[in-house]
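S.K.: Just the structure for this:
(one chain, ligands or ions: 1)
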Amino acid sequence: MTHTSEIEQVSVSRSFNGQQKVFKHRSNVLGCEMNFGVYVPDSVHIGKRPALLYLSGLTCTHANFIEKAGAQRFAAQYGFIIINPDTSPRGDNVPDKEDYDFGKGAGFYLDATEEPWAANYKMYSYITKELIDIVKRNFPIDPENFGIFGHSMGGHGAINIGLKHPEIFKSISAFAPACHPTNSNWGRKALSGYLGPDETKWAQYDSSLLAAKYSGPKRIILIDIGDDDSFLKSGELQPESLKSNNHLEIVYRSRAHYDHSYYFVASFMEEHFEHHAKEFQAQKLAKH
Ligand SMILES: N[C@@H](CCC(=O)N[C@@H](CSC=O)C(=O)NCC(=O)O)C(=O)O
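M.R.: A predicted model of the protein is given here:
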């Protein structure tokens with residue numbers, strides 16, 4: 001497969017029936033160099049493939065998902081391309097804070113408006129405009145079968161972006177997502193720091209508030225959370241605030257004895273592939 005010169009391959013490793021690759025590129029939106037992972041199943045030889053975009057949680061780079069989630073086996077089996085970006089802008093010129101839940105590794109998939117963050121912390125635009133266009137140009141992605149999923153802060157990003165962009169993402173799921181950031185410690189710290197004190201500006205990045213108003217094409221959102229998840233217990237996730245309506249069905253599975261880690265994510269990865277495949281199939285049948 002050939003790529004445009006806008007991305008440069010950093011590594012490639014054979015994994016199941018496909019290749020796990022890492023690319024780097026210059027992001028104009030973020031003003032820095034970024035890495036992202038792409039799993040390419042061998043079945044790309046038959047033509048365009050369904051794809052999933054995965055958003056990681058706090059402290060992650062592109063590497064955590066690739067190394068710990070165990071997604072390659074299922075991506076090969078289902079013939080899905082998987083794209084997984086980093087969680088924030090990177091590099092020496094990007095401002096940071098010595099906190100695990102703010103700054104580098106904690107971009108919250110929003111567009112910051114406060115200084116000094118506004119120049120680089122534009123993960124929402126990076127994902128929805130720049131990265132999507134880049135991967136569509138460089139990989140044989142079927143745009144009618146493109147889904148989004150994520151973990152924790154990345155689950156917040158996946159639900160938020162998926163609900164705002166049903167024209168791009170046809171299916172949504174999340175592992176232990178932060179569902180109500182306007183009302184949690186992580187969320188209030190990030191939203192006030194990146195967007196300023198006016199709470200009316202925060203609502204655009206709150207999945208529970210967006211879900212309550214959602215009137216787009218029908219979506220079923222699969223959510224898995226372990227009942228031994230320390231962040232569930234400390235109120236960072238608040239899945240009960242994310243409610244179904246006529247356009248949205250929330251399928252919430254509480255998993256006994258699982259925590260917040262990638263051991264939990266990997267345990268239910270196959271079921272998320274199954275969910276996205278079913279959503280793609282249901283939408284195809286609805287069209288005919
Ligand atoms: N205090 C911890 C918190 C970091 C952490 O648990 N990060 C999770 C995501 S939490 C929500 O977004 C994670 O995915 N970590 C990476 C991993 O590989 O497990 C700390 O600073 O370690």
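S.K.: Might you enumerate the residues of this protein proximal to the ligand?
M.R.: Counting by CB under 6 Å from any ligand atom, the chain comes close to the ligand at 57-60, 64, 68, 100, 151-153, 260-262. (C-beta placed from N, C-alpha, C; glycine too.)
S.K.: can you count the residues close to the nearest residue to Pro217 once chain neighbours are set aside?
M.R.: Using CB to CB, 6 or more residues apart in numbering and skipping residues adjacent in sequence, the residue nearest Pro217 is Pro166, 5.0 Å away. Pro166 has 16 neighbours, counted by other CB atoms under 10 Å.
S.K.: State the distance from Pro166 to Ser88.
M.R.: Using CB to CB, to the nearest Å, one gets 26 Å for the distance from Pro166 to Ser88.
S.K.: Correct me if wrong, but the residue nearest to Pro217 is in a helix.
M.R.: No - assignment of Pro166 by DSSP: H, G, I helix; E, B strand; the rest coil gives coil, placing it outside any helix.
S.K.: That one touches Lys218, doesn't it?
M.R.: No - using CB atoms under 8 Å, Pro166 makes no contact with Lys218, being 9.4 Å away.
S.K.: neighbour-wise, which of the residues of the chain next to the ligand leads?
M.R.: Counting neighbours by other CB under 10 Å, the top entry in the residues of the chain next to the ligand is Met153, with 31 neighbours.
S.K.: Show the contacting residues for that residue.
M.R.: By CB atoms under 8 Å, 6 or more residues apart in numbering, Met153 lies in contact with Leu55, Ser56, Gly57, Leu58, Thr87, Ala106, Phe108, Tyr109, Ala178, Trp186.
S.K.: circling back: of all the residues of the chain next to the ligand, which comes closest to Asp224?
M.R.: For the residues of the chain next to the ligand, the closest approach to Asp224 (CB to CB) belongs to His151, at 9.8 Å.
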